[in-house]
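Novice: missing the sequence, but the structure's below:
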C-alpha cells in the first residue's frame, strides 16, 4: 500500500509539472527598472497578450481608466521624489493607472491606494494625473510592456506599449 501511495504521489506531481510547463501564464509577471539620481526605481506589472484581440478602443476602451496591465495592480516604488509629467510624486509606493481618452490622448494616473487587485479603479485615491504623449509603433506588439527609455542620470521616459500604441510620460528625479 505504501508503494502504491508513493507511486500515485509521483504520478500526480509529474502531471502538475507537465501541465504547468505546457501552459504559460496568459499575463506573465514583468518588471521595469531604472536608476535615477543613483536610486533604483521599480515598476511591477503583469503583461497581457493580444491573442488575436483588438486592444485599443475595445479590450482597453477609450474614456475609461485602465489598470495598465493585468492581474494585480501595477505598482511603482521610488526611493526618491519624482516629477512625472507635471505631477510631483514623493518617494514611496504607488499604484499606476492610465486613461486612454482617445487614440491620441492619454492620461497617466498615480494612485495612493496600494495592495489591491487591478480592478475596480479606486475612485478618490489619485495623487494626481498628468498628460502622456502617444505615438504609433511600426509593427504590432503582442505583449503589453512598460519600459524606461531615453534615460539620463536624472530623467527617463516611462513607455506603455501594446498593439500599435506607445504612450509615454517623462519622469525626472528631484
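Specialist: Perfect, thanks for sending it. Because the structure is a prediction, the values reported are computed rather than measured. Residues are numbered from 1 along each chain as shown.
Novice: Show me which strand runs longest in the protein.
Specialist: Longest strand of the chain, by residue count under DSSP state E: strand 126-149.
Novice: for the most centrally placed residue in the chain, which residues make a bridge with it?
Specialist: Nearest to the centroid of the C-alpha atoms of the chain, with distances taken as Cα atoms, centre = their mean, sits residue 45, at 3.7 Å. Per DSSP bridges, the residues bridged to residue 45 are residue 30.
Novice: My guess is it contacts residue 30. True?
Specialist: Yes - Residue 45 sits in contact with residue 30 when judged by Cβ atoms under 8 Å, with a separation of 5.6 Å. C-beta: built from backbone N, CA, C; applies to glycine.
Novice: Now do the shared contacts for the two.
Specialist: Taking Cβ atoms under 8 Å, 6 or more residues apart in numbering as the criterion, residue 45 and residue 30 both touch residue 146.
Novice: Would you state the strands of the protein in chain order?
Specialist: According to DSSP E, the strands that the chain contains are 29-36, 39-46, 74-78, 82-84, 87-89, 92-102, 105-111, 126-149, 155-173.
Novice: so what strands line up beside the fourth one?
Specialist: When sheet partners are counted by DSSP bridges, strand 82-84 sits next to strand 87-89 (antiparallel), strand 155-173 (antiparallel).
Novice: circling back to that earlier point, right, so of the strands of the chain, which gets closest to residue 66?
Specialist: Residue 66 lies closest to strand 92-102 among the strands of the chain, at 5.2 Å (Cβ to Cβ).
Novice: Fine by me, we can end here.
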